[in-house]
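# Sequence first, predicted coordinates after that:
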Amino acid sequence: MKFSKVPHLKGEITIPGDKSISHRSVMFGSIAKGTTEITGFLQGADCLSTISCFQKMGVEIENLGSRVLVHGNGLHGLKAPSQVLDCGNSGTTTRLISGILSAQDFDVTLTGDESIQKRPMKRIMTPLSQMGADIRSIRDNGCAPLAIHGRPLHGIHYNSPVASAQVKSAILLAGLYAEGETKVTEPYVSRNHSELMLNHFGADVRTEGTTAIIQPARELYGCPVSVPGDISSAAFFLAAGLMVPGSEILIRHVGINPTRDGVIKVCQAMGGDVTLLNQRNDSGEPTADLLVRHSSLHGTEIGGAIIPTLIDELPMLAAMACFAEGETIIKDAAELKVKESNRIEVMVRNLSAMGADVTETEDGMIIRGGKPLHGAVIDSKLDHRIAMTFAVAGLCAEGETEILGAECVKISYPNFYEDLEMLAR
Ligand code: S3P
């Protein structure tokens with residue numbers, strides 16, 4: 001795919017469903033009693049991996065495109081799969097499902113693509129083992145494939161060294177099945193979609209500061225879930241609207257959960273003209289329409305408690321910082337190294353190839369903005385967020401930007417390029 005300057009981006013766009021919420025709606029629907037009707041489900045490859053894993057465990061799931069119907073088997077109704085469960089590229093599928101599978105009365109093997117087989121799984125194996133789980137890395141390298149021998153679990157209080165919703169959710173899901181209460185304390189609050197949705201399904205979850213607490217459940221109950229647009233996908237249009245001169249974009253129905261909205265705050269702190277309109281609520285998740293207009297931007301510092309609330313948006317924010325006057329410091333973001341690619345290394349390499357002044361640090365990067373970028377050949381490393389970031393950067397650079405492996409956007413946003421082109425027309 002090739003990108004070059006466009007005169008402006010104008011129009012309205014409805015963003016596909018939130019990836020985190022879509023995964024959870026299928027998982028929780030599968031272990032609930034009754035039918036869960038999901039609207040706005042993200043038809044991205046990651047969420048389809050989740051559907052396929054639960055179908056292999058005997059759950060009837062009808063994917064009708066605009067609606068997904070999950071006919072749940074109840075908390076104790078999953079069946080032993082006859083094959084290995086393939087989580088594809090999805091860290092959320094692998095880690096959350098491990099929490100559920102640790103407590104079943106059958107054995108299962110989980111695996112995924114090349115990227116998944118390099119991502120750290122000790123972060124869930126350690127707490128789940130403390131709960132009594134038998135979960136092991138088959139190659140003994142702390143990564144998938146994972147062999148899980150389901151067993152009875154007991155509650156723990158886990159002090160997580162990382163602020164990670166995948167780790168927290170894996171433990172909470174295991175906690176549904178455990179004897180006694182389960183608590184997870186994080187250094188900073190990570191996205192709380194599991195807590196909100198589990199309550200919606202009838203579980204007893206509460207939070208105290210950075211601690212989430214769950215009681216064992218007898219049963220969960222299926223219910224309708226309306227999935228808001230994914231703020232992590234909206235971020236590409238937020239940035240594009242701010243960066244491309246003359247742009248004005250209305251991004252409709254975006255989830256603005258306070259554990260996810262860091263990107264809006266940072267855009268505004270950099271001088272970006274972003275307005276929240278029509279604020280409302282969808283299945284307990286706050287949403288809004290976002291109006292974004294081209295703005296002259298300045299650098300900022302991004303670190304500390306805001307990091308988990310914008311972790312997936314940091315590649316886009318780093319590229320945007322190249323178009324802002326002055327210095328932007330991204331720190332406390334070492335987690336970027338263990339995403340679908342090493343996003344610190346990949347961003348620094350690719351931004352440098354476009355002529356940006358950027359320095360890699362231990363836990364982030366420093367970007368000295370205001371220098372025009374030029375087109376380059378960008379290796380996405382098959383990381384969807386890297387591909388989309390550089391498609392947007394390519395709209396503001398001199399000359400042509402070519403993205404290798406551009407099709408990987410199918411993971412979270414299958415129609416991304418079509419939507420971007422529609423706004424450029
Ligand atoms: C996710 C949590 C985050 C995020 C990922 C989705 C989730 O990962 O980066 O894209 O749905 O729980 P971590 O839990 O590893 O921070």
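That came through fine.
# Run through the helices of the stretch 1-150 of the chain in chain order.
In the stretch 1-150 of the chain, the helices defined using DSSP state H, counting those that start in this stretch lie at 19-30, 45-55, 91-101, 122-130.
# Near the residue in the stretch 1-150 of the chain positioned nearest to the ligand, how many other residues are there?
Residue nearest to the ligand within the stretch 1-150 of the chain (C-beta to the nearest ligand atom): residue 20, separated by 3.2 Å. The C-beta positions use only the backbone N, C-alpha and C, and glycine is treated the same way. For residue 20, the neighbour count with other C-beta atoms under 10 Å is 28.
# Show me which residues of the stretch 151-300 of the chain are close to the ligand?
164-166, 169, 190-191 (C-beta under 6 Å from any ligand atom).
# mind pulling up the phi and psi values for residue 255?
Backbone torsions of residue 255, given as degrees, to the nearest 10, read phi -70, psi 130.
# no, scratch that, I was asking about residue 56
phi -70, psi -10.
# dump the residue contacts of it.
With contacts defined as C-beta atoms under 8 Å, 6 or more residues apart in numbering, the neighbours of residue 56 are 81-83, 85.
# do residue 360 as well
Taking C-beta under 8 Å, 6+ apart as the definition, contacts of residue 360 comprise 344-345, 348.
# what's it sitting at in phi/psi?
phi -80, psi 140.
# re the thing from before, present the helices of the stretch 1-150 of the chain as CSV; the columns should include distance to residue 10.
CSV is the format used below for the helices of the stretch 1-150 of the chain (distance: least, C-beta to C-beta, whole Å):
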stretch, distance to residue 10
helix 19-30, 27
helix 45-55, 30
helix 91-101, 34
helix 122-130, 43
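# As TSV, these with mean pLDDT would be great.
Formatted as TSV, those follow (pLDDT from 0 to 100):
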stretch	mean pLDDT
helix 19-30	98
helix 45-55	98
helix 91-101	98
helix 122-130	98
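# tell me the secondary structure for the closest residue to residue 12 other than its chain neighbours?
Of all residues not flanking residue 12 in the chain, residue 250 sits nearest, at 4.4 Å (C-beta to C-beta, 6 or more residues apart in numbering). With DSSP: H, G, I helix; E, B strand; the rest coil as the basis, residue 250 sits in strand.
# Check the one 10 residues further on too.
Under three-state DSSP, the three-state class of residue 260 is coil.
# residues in contact with the nearest residue to it once chain neighbours are set aside?
Spatial nearest neighbour of residue 260, chain neighbours left out: residue 231 (5.1 Å); criterion: C-beta to C-beta, 6+ apart. Each residue near residue 231 by C-beta under 8 Å, 6+ apart is listed here: 18, 254-257, 260-261, 263-264, 313.
# how much space between residue 231 and residue 39?
Using C-beta to C-beta, to the nearest Å, we find residue 231 at a distance of 18 Å from residue 39.
# what about the residue nearest to residue 142 when sequence neighbours are not counted, how many neighbours?
Distances taken as C-beta to C-beta, 6+ apart place residue 122 nearest to residue 142, at 4.2 Å, with adjacent residues excluded. By other C-beta under 10 Å, 12 other residues sit near residue 122.
# so which strand or helix has residue 317?
Assigned by DSSP states H and E, residue 317 belongs to helix 314-321.
# What mean pLDDT does that helix get?
Across helix 314-321, the average pLDDT comes to 98.
# angle of the next helix or strand after it against helix 314-321?
Counting by DSSP H and E, the next helix or strand C-terminal to helix 314-321 is strand 326-330. Counting by axes from the mean of the first three to the mean of the last three C-alpha atoms, to 10 degrees, strand 326-330 points 170 degrees away from the direction of helix 314-321.
# Which positions in the helix or strand just after strand 326-330 come out as buried?
Remark: after strand 326-330, the chain's next helix or strand is helix 343-353, criterion DSSP H and E. Using 16 or more other C-beta atoms under 10 Å as the burial criterion, the residues of helix 343-353 that qualify are 343-344, 346-348, 350-351, 353.
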